[in-house]
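*Asks:* sequence first, predicted coordinates after that:
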Amino acid sequence: MTTLGVVDGQVLRPDLRIEEADVLVDRESGEIVDVDPEVGASADETLDASDSLVMPGLVNAHTHAAMTLLRGYADDKPLESWLREDVWPAEAELTPEDVAAGTKLGMLEMIRSGTTGFVDMYFEVPDVVAAIDESGMRARVGHGVVTVGKDDEAAHEDAAESIAVAREFDGAADGRVRTAFMPHSLTTVREDILREYVPKAREEGVPVHLHVNETAHEVDPIVEERGVRPVAYAREVGLFDPESEERDFLAHGVHSDASEVEALAEAGGGVVHCPASNMKLASGMAPVQAMLDAGVPVGLGTDGAASNNDLDLFGEMRDAAMVGKLASEDASAVAAPDVVRMATRGSATVAGLPGGSVEPGAAADLAVVGLDAPHLTPAHDLVSHLVYAASGRDVRHTVCDGRVLMRDREVQTLDAEAVRQAAEERAFDLVSRAE
Ligand SMILES: N[C@@H](CCSC[C@H]1O[C@@H](n2cnc3c(=O)[nH]cnc32)[C@H](O)[C@@H]1O)C(=O)O
Ligand SMILES: [Zn+2]
């Protein structure tokens, strides 16, 4: 066994207590071996965590990583016109090389801000997987299916591709890549396609991930046409099936009513809360406290960088706490400990990825947050600081699967300058083709 010791720090334990301890990691298995004072000093490789907090690596449970290329390209519009007028026309011009460059930029940003795992819905999945392999991160990926505006043959092709890439890449990058079938949403994918392909996802043993109840425009047509709410309709086509071994999970769930929250809790369906995107597109405020109270598994996601506009989960934690209180009209709602759980174990659970807790036997996915900064002084309560005062820029080191991805704010696996330059050139070229 070759070991990594994260030494001399304070450690955020699964019950959210803070302990002074080292974290000892087996680099080969990628697991945490021990969490105890002094156990890291004699490790083969060490990371200094003095004046720092060692916490689980954050998990971004819903994003479109390559959309970093469209960061700041079209702002201040609601979802439907933003997608149809700006985003989809630009995405129609994307090449596999563009997607690889955008995904790398997104991962660079995530590693720098302490994120070790993410869920990605996009296209050109083989190129996305190759980029993930290189970065050392962990992810659940899928090909997003849209059938609006497509003829029968093209709709089937798109859905079949989503199933095919889910089959091919599950377990790639030494097991760090998992997959899902990813229909875009209940209103952008036809019913017959859902009914035919959800069972195929079951046969492959992969979960289903999609956008649900993001805006009122996604609810009304379903209620009008079918007389049932979107989550009930989703269950009719085979989603969120409690008998299935895989946990299906939805992004947003903003306009979920009490019956839908209850149904998700009962079925074990996961929700990825994306507060910044929901505020920026004025989609609404998700009933997150009600979901937590009902026992729905809730994780946290940034959504794409074009509707956020960054991939920093620390900002997302702050937004989740703030908008959660506003939505509940209750300052005690969506409290800091709930939010930290959401961004770590909650997201890992919903996404079905390892990680999310610092304890022996858990995946060695870690973020080390520097505490010697004015905005983190005094340290009355570090859980509070993580949510209300810290930002991704405070992260010093990032570890995933036992491997150091960032040491002393230098990313080790990707060439930061080259990634930034390539993404910028490709982004400018992309939008000039789209105009
Ligand atoms: N194969 C599909 C691509 C779907 S990928 C996932 C899609 O989600 C879109 N997207 C990004 N953010 C959001 C959001 O907040 N709500 C809904 N869709 C989004 C994104 O632009 C991308 O087109 C096609 O041919 O168009
Ligand atoms: Zn999305």
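*Replies:* Good, I have the coordinates. Residues are numbered from 1 along each chain as shown. Ligands and ions are numbered 1, 2, ... in the order given.
*Asks:* which residues of this structure lie near ligand 1?
*Replies:* Contact residues (CB under 6 Å from any ligand atom) of the chain with ligand 1: 64, 79, 83, 87, 91, 121-123, 144-146, 158, 184, 211, 214, 277, 303-304, 307. (Each C-beta comes from the backbone N, C-alpha and C, glycine too.)
*Asks:* can you tell me which of those are buried?
*Replies:* The neighbour-count test (16 or more other CB atoms under 10 Å) marks 64, 79, 83, 87, 91, 121-123, 144-146, 158, 184, 211, 214, 277, 303-304, 307 as buried among the residues of the chain next to ligand 1.
*Asks:* give me the nearest residue to residue 209, chain neighbours excluded.
*Replies:* Once flanking residues are discounted, residue 209 sits nearest to residue 180: 4.5 Å by CB to CB, 6 or more residues apart in numbering.
*Asks:* run a quick neighbour tally on the one you found.
*Replies:* 26 (other CB atoms under 10 Å).
*Asks:* just checking, it touches residue 208?
*Replies:* Yes - counting by CB atoms under 8 Å, residue 180 touches residue 208, with 6.2 Å between them.
*Asks:* now do the contacts for the closest residue to ligand 1 within the chain.
*Replies:* When scored by CB to the nearest ligand atom, the chain has residue 144 as its residue closest to ligand 1, at 2.4 Å. The contact partners of residue 144, by CB atoms under 8 Å, 6 or more residues apart in numbering, come to 64, 121-123, 162, 182-184.
*Asks:* helix or strand: which one has it?
*Replies:* With secondary structure defined by DSSP states H and E, residue 144 is part of strand 138-145.
*Asks:* show me what that strand pairs with in its sheet, parallel or antiparallel.
*Replies:* Paired neighbours of strand 138-145 in the sheet (DSSP bridges): strand 115-122 (parallel), strand 177-179 (parallel), strand 182-183 (parallel).
*Asks:* tell me the domain ranges of the chain?
*Replies:* 3-56+361-411, 58-351 (automatic domain parsing).
*Asks:* mind putting those domains in TSV, mean pLDDT included?
*Replies:* Below are these laid out as TSV (pLDDT from 0 to 100):
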stretch	mean pLDDT
domain 3-56+361-411	98
domain 58-351	98
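*Asks:* looking at these, which is buried most?
*Replies:* domain 58-351 (a mean of 21; mean count of other CB atoms under 10 Å).
*Asks:* end to end on that one, go ahead and measure it.
*Replies:* 12 Å (CA to CA, to the nearest Å).
*Asks:* on that earlier part again, ok, the residue nearest to residue 209 - contacts?
*Replies:* Counting by CB under 8 Å, 6+ apart, residue 180 touches 119, 140-142, 166, 201, 206-209.
*Asks:* dump the residue contacts of residue 108.
*Replies:* For residue 108, the contacting residues are 135, 411, 414, 416, 419-420, by CB under 8 Å, 6+ apart.
*Asks:* show me the two of these that sit farthest apart.
*Replies:* The span of the contacts of residue 108, defined through CB to CB, is set by 135 and 420 at 14.2 Å.
*Asks:* inside helices: which ones of the contacts of residue 108?
*Replies:* Under the assignment DSSP state H, the contacts of residue 108 contribute 135, 416, 419-420 to helices.
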